[in-house]
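Trainee: Curious how this folds, go ahead:
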Amino acid sequence: MKIADQWFRDILGLLYQRRTATRGEIIHSTGLNPACVSLTIQHLLKSGTIQCVGERRSTGGRKREVLKLNSEAGYFVVVDLEGTRVRVGLADFLGNIRYRWEEEIDLRQQYDVRRVLKGVEMIRRSLEGPARRRLIAAGVSYTGLMDQQGRVTAVNLGWKDYPLRRSIEESLAMPVFYANDGHCKILAERWGGVAENCPNCVYILAGVGIGIGCFVDGHLLEGHDGMAGELGHLTMNHSPGDRCNCGKTGCLEAIVSSPNIVRQYLELSGRPAEDPRGHPVTEVFAMAREGDSDALAVMDRAGRALGLALSHLVNILNPQLIVLGGDLIHGHDLLLSIIREELARHCAPKLADHLILRVSSLGHDGGLKGAAALAFLNSSQDRALLRRMTGPAPPEDSPGEGRTKEPLTVKLKIGGLRRKKKGLITS
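Mentor: This is a model prediction of the structure:
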């Protein structure tokens, strides 16, 4: 019997999502018949793509193998083009970040994506022997908007129709998958964060800008052009003082983003001429905790604007869970109660009754982990890459060779990646 590509996809996707499963659980969850599952698992065990990590006893006393993806069966280069910092990492087959390099960037100064390639080259050198040959693809989390030609507009990176895809394709000989930062962050939360296995959830990324990622009935909401999630440009009011980077006034981003929280605090405290970039938003949080009336007023306004915006999402999408991420997680103690009040006030009856509001637990690795999930899931949809993911393991070398070293953090200058491929991302 020939093994169908979809059998591989179903089983790999399940193990990536659940981490471990028995044959019976795989049969139940995928709907495949036992013969198909047995044949596919036999192949994956032989190729080294999965491994048996123990046994469980069933109610009848019979032992059942516990299966898991082999972390060293493949690797992915991952890039997080965040608004204030750029990170490059190496993710293993389970999405663990094994290496990372990063650098801070100058806001609104055009970022040279060629610096990413230096980090990618160091990633390649971190792998030896057969492990380097198991480098499958790359995933990129980017801030801003990407058009159909792969051009990105991102104010914080100093980009206006910057040819990101072309710049990367000219240099990196590797398939690359792209998604904006909100989409990547919700992927990370779904496959290893507080939204794990939750089919209806929203991630709100609140930092230098505002973005979201949504899963609806187990499917990532991407939109017609892959640009779904620009909640930050929802108009909240028309105050001329709240001017957004997009050119409009009154956008949510012009009220709730970190620089604008600082801006409003400086204005209220009589220092409107000071550059908000010289003050981290955590200073405003600290002042609010000390009872500063201006800081408390700004936090109240930001929390109510964000709560109102999220209530629109709840009314439309009816999520089970909203995850708060980005800079505002450092002020969650000041914001969550205000956001909950606004959700209760503006959501349709019953929609907010069982809604869960939580803070992200992934920290700075959220973008890299999301890029890893993006690369893994979309690689499995590509027939050639699927063959590499399920093919024979490289030959063994001397002890220690072909394995990655311990996780390492090095700060240096880095930057980007290659072609965009569309793929289906589902639970």
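
Trainee: where's residue 215 relative to residue 362, distance?
Mentor: 16 Å (CB to CB, to the nearest Å). Placement of C-beta: from N, CA and C, glycine included.

Trainee: Between those two, tell me which one has more neighbours.
Mentor: residue 215 (27 against 19; other CB atoms under 10 Å).

Trainee: which non-adjacent residue is nearest the more buried one?
Mentor: residue 201 (5.2 Å; CB to CB, 6 or more residues apart in numbering).

Trainee: And residue 30, by the same measure?
Mentor: The spatially closest residue to residue 30, leaving aside those adjacent along the chain, is residue 10, at 4.3 Å (CB to CB, 6+ apart).

Trainee: Tell me if I'm right that the one you found and residue 27 touch.
Mentor: No - checked against CB atoms under 8 Å, the pair residue 10 and residue 27 is beyond contact range at 10.5 Å.

Trainee: Look at the two and report which has more neighbours.
Mentor: residue 10 (20 against 16).

Trainee: what helix or strand is that one on?
Mentor: In this structure, residue 10 sits in helix 5-18 according to DSSP states H and E.

Trainee: Kindly state the pLDDT recorded for the residue nearest to residue 30?
Mentor: What the model reports as pLDDT for residue 10 is 96.

Trainee: How about the spatially closest residue to residue 233 that is not a sequence neighbour: which residues does it bridge to?
Mentor: Distances taken as CB to CB, 6+ apart put residue 251 closest to residue 233, at 5.0 Å, once the chain neighbours are dropped. When assigned by DSSP bridges, residue 251 has beta-bridge partners residue 235.

Trainee: burial of residue 251, as a residue count?
Mentor: 28.

Trainee: swap in the one 4 residues further on?
Mentor: Residue 255 has 26 neighbours, counted by other CB under 10 Å.

Trainee: same question, the one 4 residues further on
Mentor: The burial count assigned to residue 259 is 22, neighbours taken as other CB under 10 Å.

Trainee: And the contacts of whatever helix or strand it lives in?
Mentor: In the assignment (DSSP H and E), residue 259 maps to helix 258-268. Helix 258-268 is touched from outside by 206-208, 241-242, 253-255, 272, 274, 276-277, 279-281, 283-284, 287, 294-295, 297-299, 301-302, 326-328, with contacts defined as CB atoms under 8 Å, 6 or more residues apart in numbering.

Trainee: Which stretches in the stretch 101-250 of the chain count as strands?
Mentor: In the stretch 101-250 of the chain, the segments counted as strands under DSSP state E, counting those that start in this stretch are 135-142, 145-146, 151-154, 159-163, 176-180, 201-206, 210-216, 219-220.

Trainee: what pLDDT, on average, does the second one get?
Mentor: By that I understand strand 145-146. 90.

Trainee: again, but for the longest one
Mentor: Strand 135-142 comes out with an average pLDDT of 94.

Trainee: That one relative to strand 176-180, how many degrees between them?
Mentor: Going by axes from the mean of the first three to the mean of the last three CA atoms, to 10 degrees, strand 135-142 is angled at 20 degrees with respect to strand 176-180.

Trainee: Which elements pack onto strand 135-142?
Mentor: Here strand 135-142 touches strand 75-81, strand 176-180, helix 181-190, helix 366-379, helix 383-390, going by 3 or more CB pairs under 8 Å, 6 or more residues apart in numbering; DSSP states H and E.

Trainee: Just put those in a markdown table and tack on mean pLDDT.
Mentor: Below are the helices and strands packed on strand 135-142 laid out as a markdown table (pLDDT from 0 to 100):
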| stretch | mean pLDDT |
| --- | --- |
| strand 75-81 | 94 |
| strand 176-180 | 93 |
| helix 181-190 | 92 |
| helix 366-379 | 95 |
| helix 383-390 | 95 |
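
Trainee: would you turn those into JSON lines with mean neighbour count?
Mentor: Below are these laid out as JSON lines (neighbours: other CB atoms under 10 Å):
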{"stretch": "strand 75-81", "mean neighbour count": "29"}
{"stretch": "strand 176-180", "mean neighbour count": "27"}
{"stretch": "helix 181-190", "mean neighbour count": "29"}
{"stretch": "helix 366-379", "mean neighbour count": "28"}
{"stretch": "helix 383-390", "mean neighbour count": "17"}
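
Trainee: returning to what we had before: of all the strands of the stretch 101-250 of the chain, which one is nearest residue 322?
Mentor: Closest to residue 322 of the strands of the stretch 101-250 of the chain is strand 201-206 (CB to CB; 4.9 Å).

Trainee: Against which helices or strands is the closest one packed?
Mentor: Right, strand 201-206 is packed against helix 181-190, strand 210-216, helix 293-317, strand 321-326 by 3+ CB pairs under 8 Å, 6+ apart.

Trainee: and stretch 305-313, which residues are buried?
Mentor: 305, 306, 307, 308, 309, 310, 311, 313 (16 or more other CB atoms under 10 Å).

Trainee: OK, contacts around the closest residue in space to the fourth one that isn't next to it in sequence?
Mentor: If you skip the residues right next to it in sequence, residue 308 has residue 342 as its closest partner in space, 5.2 Å away by CB to CB, 6+ apart. Residue 342 is in contact with 303, 304, 306, 307, 308, 310, 311, counting by CB under 8 Å, 6+ apart.

Trainee: Show the contacting residues for the residue nearest to the last one when sequence neighbours are not counted.
Mentor: Taking CB to CB, 6+ apart as the measure, residue 311 lies nearest to residue 346, with 3.6 Å between them; neighbours along the chain are not counted. Shown in contact with residue 346 (CB under 8 Å, 6+ apart): 307, 308, 311, 312, 315.

Trainee: For burial, what's the neighbour tally of residue 20?
Mentor: Residue 20 has 13 nearby residues by other CB under 10 Å.

Trainee: thought it was touching residue 65?
Mentor: No - between residue 20 and residue 65 there is no contact under CB under 8 Å: 10.2 Å.

Trainee: A strand includes the residue nearest to residue 308, no?
Mentor: No - if the criterion is DSSP: H, G, I helix; E, B strand; the rest coil, then residue 342 is helix and not within a strand.
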